[in-house]
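Undergrad: mind folding the following:
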Amino acid sequence: MPDPCRRQAHGPAARYLDALSFLSRLVVRPGQTEGRFQACLSGFAPAGLTLGLLWAGLAFAALRFADVAQVPPALCPLVAGWLWMLALLWTTRALHWDGVADLADACGSGAAGERFWQIMRDSRLGAFGALAVCSGLAGALLLAAAHAAQGNWLLLVLAPGWGRACSLLLAASAPPQGGGSLGRLVCSAMTPRLVRQQRAWLCGMLLLAWLAGTPLWQCLLLLAGHFPLQGRLRRTALAHGGLSGDFLGADIELTQLWFLLALL
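TA: Residues are numbered from 1 along each chain as shown. Okay, the predicted model is just below:
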């Protein structure tokens, strides 16, 4: 007879909390195993939406405080966008920006074969990685500020969920790189059911954005850029032997930024 306590420990709520624990510092869930990590992938999108709700809430509070404090009107949205970006970095420990930096350094070097992966695994920050992170964070700040100025709070909530669902679909589209343990775990867990679930999350978020007033042409623009971006990352991974955790982390941040840009 199945143990109800064991079933509860691996239920949707537990998977959601495990996902939030992996993706942020908001929850601490000790005793993480490979099996629990793979199971919690189904909670990535809801965990991303939770982060988005927190970041957007802080940005909203910052905008209101800046207004009360008589900060010049032109600067109020920038204050809100800055706090949105700081909340992103603090709650996630800048986890996925490390992937952006590593991928930029490896691709920018023009290296191939094992040298490509040596650069990817190097903890030191190179010139291409620094440029990519600075450009990405500047984009995150400006886009969050622009959405705050327009009152697009729902889109600021949806963007982190969008990025995390996209990264799992990327994992389903290419094999893992041989030495990458995180990439191996994620890719091997991508069952057809989990893929359909992530597509449903993306469709649901896009529908919410449209119902909230986003023009249809912008929704189509989002999709028009989404597939080439995912395809580019997939082709790069295949050219170098497969996906790693850095590819998936970079995909989260890049697709999140594209979501905010396309729906601005």
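Undergrad: which residues of the stretch 51-200 of the chain score low on pLDDT?
TA: Along the stretch 51-200 of the chain, segments meeting pLDDT under 70 span 179-180.
Undergrad: now do the helices in it.
TA: 76-92, 95-109, 114-121, 127-150, 153-171, 181-189, 192-211 (DSSP state H, counting those that start in this stretch).
Undergrad: redo the ones you listed as CSV? Include mean neighbour count.
TA: All C-beta atoms are positioned from the backbone trio N, CA, C, and that covers glycine. Below are these laid out as CSV (neighbours: other CB atoms under 10 Å):
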stretch, mean neighbour count
helix 76-92, 21
helix 95-109, 22
helix 114-121, 17
helix 127-150, 18
helix 153-171, 26
helix 181-189, 19
helix 192-211, 15
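Undergrad: JSON lines for those helices, including distance to residue 227?
TA: Shown next, in JSON lines, are the helices of the stretch 51-200 of the chain (distance: least, CB to CB, whole Å):
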{"stretch": "helix 76-92", "distance to residue 227": "25"}
{"stretch": "helix 95-109", "distance to residue 227": "19"}
{"stretch": "helix 114-121", "distance to residue 227": "25"}
{"stretch": "helix 127-150", "distance to residue 227": "20"}
{"stretch": "helix 153-171", "distance to residue 227": "11"}
{"stretch": "helix 181-189", "distance to residue 227": "20"}
{"stretch": "helix 192-211", "distance to residue 227": "12"}
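Undergrad: ok, the closest residue to residue 249 other than its chain neighbours to residue 246 distance?
TA: Excluding the flanking residues, the one nearest residue 249 by CB to CB, 6 or more residues apart in numbering is residue 99, at 2.7 Å. Counting by CB to CB, to the nearest Å, the separation of residue 99 from residue 246 is 4 Å.
Undergrad: so how far is residue 263 from residue 216?
TA: Residue 216 is 11 Å from residue 263, by CB to CB.
Undergrad: quick one: mean pLDDT for stretch 203-217?
TA: Regarding stretch 203-217, the rounded mean pLDDT is 97.
Undergrad: for residue 240, which of the helices of the stretch 51-200 of the chain is the nearest?
TA: Among those, the nearest to residue 240 by CB to CB is helix 114-121 (5.0 Å).
Undergrad: quick one on the thing from earlier: give the contact list for the residue nearest to residue 249.
TA: 245-253 (CB atoms under 8 Å, 6 or more residues apart in numbering).
Undergrad: tell me which of those residues is nearest to residue 134?
TA: Nearest to residue 134 among the contacts of residue 99: residue 253, at 13.0 Å, using CB to CB.
Undergrad: with just CA atoms, put whichever strand or helix holds that closest one into PDB.
TA: Per DSSP states H and E: residue 253 is located in helix 245-262. Extracted in PDB, the C-alpha atoms of helix 245-262 (Å, rounded to 0.1, in the frame of the first residue of the first chain):
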ATOM      1  CA  GLY A 245      23.600  24.100 -17.300                       C
ATOM      2  CA  ASP A 246      25.100  27.300 -18.500                       C
ATOM      3  CA  PHE A 247      23.200  27.100 -21.800                       C
ATOM      4  CA  LEU A 248      19.900  26.600 -19.800                       C
ATOM      5  CA  GLY A 249      20.700  29.500 -17.400                       C
ATOM      6  CA  ALA A 250      21.600  31.800 -20.300                       C
ATOM      7  CA  ASP A 251      18.300  30.800 -22.000                       C
ATOM      8  CA  ILE A 252      16.300  31.800 -18.900                       C
ATOM      9  CA  GLU A 253      17.800  35.400 -18.900                       C
ATOM     10  CA  LEU A 254      17.700  35.900 -22.700                       C
ATOM     11  CA  THR A 255      14.200  34.700 -23.200                       C
ATOM     12  CA  GLN A 256      13.100  36.800 -20.200                       C
ATOM     13  CA  LEU A 257      14.600  39.900 -21.700                       C
ATOM     14  CA  TRP A 258      13.100  39.200 -25.100                       C
ATOM     15  CA  PHE A 259       9.700  38.800 -23.500                       C
ATOM     16  CA  LEU A 260      10.000  42.200 -21.800                       C
ATOM     17  CA  LEU A 261      11.300  43.800 -25.000                       C
ATOM     18  CA  ALA A 262       8.800  42.300 -27.400                       C
END
